[in-house]
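Novice: Here you go, sequence then predicted model.
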Amino acid sequence: MKQINDIFDIKQPQRDPQSGDLLVVEPFLTEAHFRRSVILIVDHNDTEGTVGLVLNRRSNISLNSVLRNASCPTHIPLHVGGPVEHGRLLYIHTLGHLFRDSVALENGLFIGGNFTDVLQYINSEEYDERCIKFFAGYSGWSAGQLKREIEEKTWAVTNLNNTVAAMTAQDDTYWQEIVKTLGSEFRAWLLCPSEPHLN
């Protein structure tokens, strides 16, 4: 992926990403899965590649429509984690103490865990949408690919400082809020129309 336009080229160097970080896409990228996306890195390895989940793409499908063999409330949304393996269900949460075998992401979030524990939680009165988020599919980069895209200024790398905002993110509004935290050099990104038309 390369920038369509380098008018808003960012000179600020980017640090190497790690699990738990956010990737914020530059405003000119028009690929449907990544347009104005904020991605949570859930696994990063220099030799094996990177896996991430788009936080701000809520689908029109509910979780219960894909879990046909499990009891599930009808109001829990399903998000699109990326273009890879749409048939795969993933979930992040703040409930590592409740879900056996979940993996910490070093920022207050966890990924995965025993699905029986998950079902018990989402069917309980304790269920809170701010604590668990479900995804169909994920975003993936081969070894070295994400590093090249960061060098090309396709992505900005930043810390995840607000887990509640990440868990409740639904749309482009979250992208705008995260861009505001990146610093003054990125303010030009906010001036770009969401659907640019160049003559």
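Specialist: It's in.

Novice: and the end-to-end length of stretch 126-138?
Specialist: 27 Å (C-alpha to C-alpha, to the nearest Å).

Novice: What residues of it count as buried?
Specialist: Across stretch 126-138, burial judged by 16 or more other C-beta atoms under 10 Å covers 131-138. Just so you know, the C-beta spots here come from the backbone N, C-alpha and C atoms, and that holds for glycine as well.

Novice: Include distance to Tyr174 when you put those into CSV, please.
Specialist: Output for these, formatted as CSV (distance: C-beta to C-beta, whole Å):
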residue, distance to Tyr174
Cys131, 17
Ile132, 17
Lys133, 12
Phe134, 17
Phe135, 15
Ala136, 18
Gly137, 18
Tyr138, 18
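
Novice: Next, give me the two most distant ones among those residues.
Specialist: Farthest apart among the buried residues of stretch 126-138 by C-beta to C-beta are Cys131 and Gly137. That separation is 21.6 Å.

Novice: which regions of the protein lie under the pLDDT threshold?
Specialist: In the prediction, the chain carries residues with pLDDT under 70 at positions 1-13, 193-199.

Novice: wouldn't Trp155 be in contact with Asp21 here?
Specialist: No - counting by C-beta atoms under 8 Å, Trp155 stays clear of Asp21, with 10.2 Å between them.

Novice: more crowded one of the two?
Specialist: More crowded of Trp155 and Asp21, by other C-beta atoms under 10 Å: Trp155, with 24 against 21.

Novice: Okay, and the beta partners of that one?
Specialist: In this entry, Trp155 is beta-bridged to Val25, by DSSP bridges.

Novice: check contacts around it.
Specialist: Applying C-beta atoms under 8 Å, 6 or more residues apart in numbering to Trp155 gives the contacts 14, 23-26, 39, 146, 149.

Novice: I'd like the distance between it and Phe34.
Specialist: Per C-beta to C-beta, to the nearest Å, Trp155 is found 9 Å from Phe34.

Novice: Overlap in contacts, those two.
Specialist: What both Trp155 and Phe34 touch, as defined by C-beta under 8 Å, 6+ apart, is the set Val25.
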